[in-house]
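Asker: just need the structure, nothing else, for what follows:
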Amino acid sequence: MLYAIDASYYVFRAWFSMPDDMRDHEGNAVNALYGFTRFLGDFIEHTRPEYVAVAFDTALESCFRNEIYPAYKANRDPAPQELKQQFDRCREVTRALGCREFASARFEADDIIGTLVTRARANGMRSTILSKDKDLLQLLDAGDSMWDFTGGKRTHYKDVAGRFGVTAEQMVDYLALAGDSVDNIPGVPGVGPKTAAALLDHFGDLDSLFDRLDEVAAVNVRGAAKLGARLDAHREHAIISRRLTRIARDVPIDSEPEQLKRTTPDMEELHNLFDAADFGSILRRQADRIAAHT
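Answerer: The predicted model follows:
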């Protein structure tokens with residue numbers, strides 16, 4: 001089993017949940033660093049995974065999706081500088097805890113995870129994705145799952161249809177139709193999640209939908225009589241949205257299974273990192289326990 005971790009989700013979660021007055025001796029914020037380190041340590045200690053990969057987001061404005069659609073994620077406020085400087089320290093802790101970490105200036109963490117999961121599958125391995133991001137559900141296949149570790153909720157491949165009304169394979173087209181306000185993906189105006197699910201239940205995929213727009217009026221959704229014309233008028237939006245929501249699976253990274261094996265924590269490096277952050281004994285004792293069982 002490969003565990004692929006969406007690091008940014010857990011870093012941001014720590015940033016918002018940990019006290020913002022946590023500082024090192026130089027006055028730098030360390031709240032996100034502490035929370036992320038605690039999460040990663042808890043995960044390793046609880047799961048004792050053999051294969052782990054941790055994906056970080058660094059493609060803030062240089063992602064290939066911004067070339068397709070310049071307004072992609074333009075609605076988001078820039079990350080505060082006090083948070084940005086903690087990302088590098090989180091990556092250092094990840095490596096010191098014996099886990100491979102990845103980042104790219106052109107691809108997002110989702111794309112890195114997509115590549116890792118796809119290559120693991122080609123090697124006969126199943127994957128568990130640690131995240132809460134519904135976009136990542138498109139990567140699931142039978143035997144895979146998404147695990148909200150801190151929330152304690154797992155979504156298996158077979159659960160996707162029950163939650164969203166579409167299969168994992170249809171999630172890209174579902175998001176292309178309904179859009180995603182979080183990432184500023186337009187979708188088709190007036191098409192929400194329920195309508196998108198009903199359309200895909202009837203047509204199967206986006207291409208078949210646009211090939212058979214004359215049948216839309218017969219679909220049991222509100223406003224079906226005028227929906228075909230609306231879809232036709234916003235066809236380009238839907239096609240662009242699909243390009244934005246589809247996760248890449250060909251990021252140029254070294255990710256053969258043997259390269260993803262978790263190693264024994266570097267205790268000297270961890271203690272140096274913890275000293276620099278002015279962390280106390282809790283994380284140190286946890287790291288000692290992890291090292292003793294690796």
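Asker: tell me which residues are up against the helix or strand hosting residue 43.
Answerer: For residue 43, the element it lies in under DSSP states H and E is helix 31-47. Helix 31-47 has contacts (Cβ atoms under 8 Å, 6 or more residues apart in numbering) with 3, 5, 7, 10-15, 17-22, 49, 52, 54, 83, 86, 89-90, 93-94, 97, 99, 130, 149-150, 262, 277, 279, 282-283, 286-287, 289-290, 293. To be clear about C-beta, it is placed using only N, CA and C from the backbone, and glycine gets the same treatment.
Asker: might you report the residue contacts of the nearest residue in space to residue 260 that is not next to it in sequence?
Answerer: Spatial nearest neighbour of residue 260, chain neighbours left out: residue 51 (4.6 Å); criterion: Cβ to Cβ, 6 or more residues apart in numbering. By Cβ under 8 Å, 6+ apart, the contact set of residue 51 is 1-3, 120, 125, 257, 260-262.
Asker: and those residues, which of them are buried?
Answerer: Among the contacts of residue 51, those scoring as buried are 2-3, 120, 125, 260, 262 (criterion: 16 or more other Cβ atoms under 10 Å).
Asker: how about JSON lines for these, with secondary structure, pLDDT and distance to residue 195 added?
Answerer: Below are the buried ones among the contacts of residue 51 laid out as JSON lines (DSSP: H, G, I helix; E, B strand; the rest coil; pLDDT from 0 to 100; distance: Cβ to Cβ, whole Å):
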{"residue": "2", "secondary structure": "strand", "pLDDT": "98", "distance to residue 195": "35"}
{"residue": "3", "secondary structure": "strand", "pLDDT": "98", "distance to residue 195": "35"}
{"residue": "120", "secondary structure": "helix", "pLDDT": "96", "distance to residue 195": "35"}
{"residue": "125", "secondary structure": "coil", "pLDDT": "96", "distance to residue 195": "37"}
{"residue": "260", "secondary structure": "helix", "pLDDT": "96", "distance to residue 195": "40"}
{"residue": "262", "secondary structure": "coil", "pLDDT": "97", "distance to residue 195": "44"}
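Asker: how about the helix or strand in which residue 241 is found: buried residues?
Answerer: Assigned by DSSP H and E, residue 241 belongs to helix 235-245. Using 16+ other Cβ under 10 Å as the test for burial, helix 235-245 gives 237-238, 240-242, 244-245.
Asker: nearest to residue 212 among those?
Answerer: residue 238 (14.4 Å; Cβ to Cβ).
Asker: ok, that closest one touching residue 176?
Answerer: Yes: applying Cβ atoms under 8 Å as the test, residue 238 and residue 176 come out as touching, 5.3 Å apart.
Asker: who are the packing partners of the worst-scoring helix or strand of the chain on mean pLDDT?
Answerer: In the chain, the helix or strand scored least confidently by mean pLDDT, DSSP states H and E is helix 64-68, which has a mean of 93. Using 3 or more Cβ pairs under 8 Å, 6 or more residues apart in numbering; DSSP states H and E, the elements in contact with helix 64-68 are helix 235-245.
Asker: by contact count, what packs against the helix it packs on?
Answerer: In terms of contacts (3+ Cβ pairs under 8 Å, 6+ apart), helix 235-245 is packed against helix 64-68, helix 171-178, helix 206-211.
Asker: can you list those helices in a markdown table and add mean neighbour count and distance to residue 38?
Answerer: As requested, those are exported to a markdown table (neighbours: other Cβ atoms under 10 Å; distance: least, Cβ to Cβ, whole Å):
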| stretch | mean neighbour count | distance to residue 38 |
| --- | --- | --- |
| helix 64-68 | 15 | 32 |
| helix 171-178 | 25 | 31 |
| helix 206-211 | 16 | 41 |
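Asker: which of the ones you listed has the lowest mean pLDDT?
Answerer: In terms of average pLDDT, helix 64-68 trails the rest of these, at a mean of 93.
Asker: pick the one among the buried residues of helix 235-245 closest to residue 134.
Answerer: Checking the buried residues of helix 235-245 one by one against residue 134 (Cβ to Cβ), the nearest turns out to be residue 245, at 10.2 Å.
Asker: I'm done for today, thanks for sticking with me.
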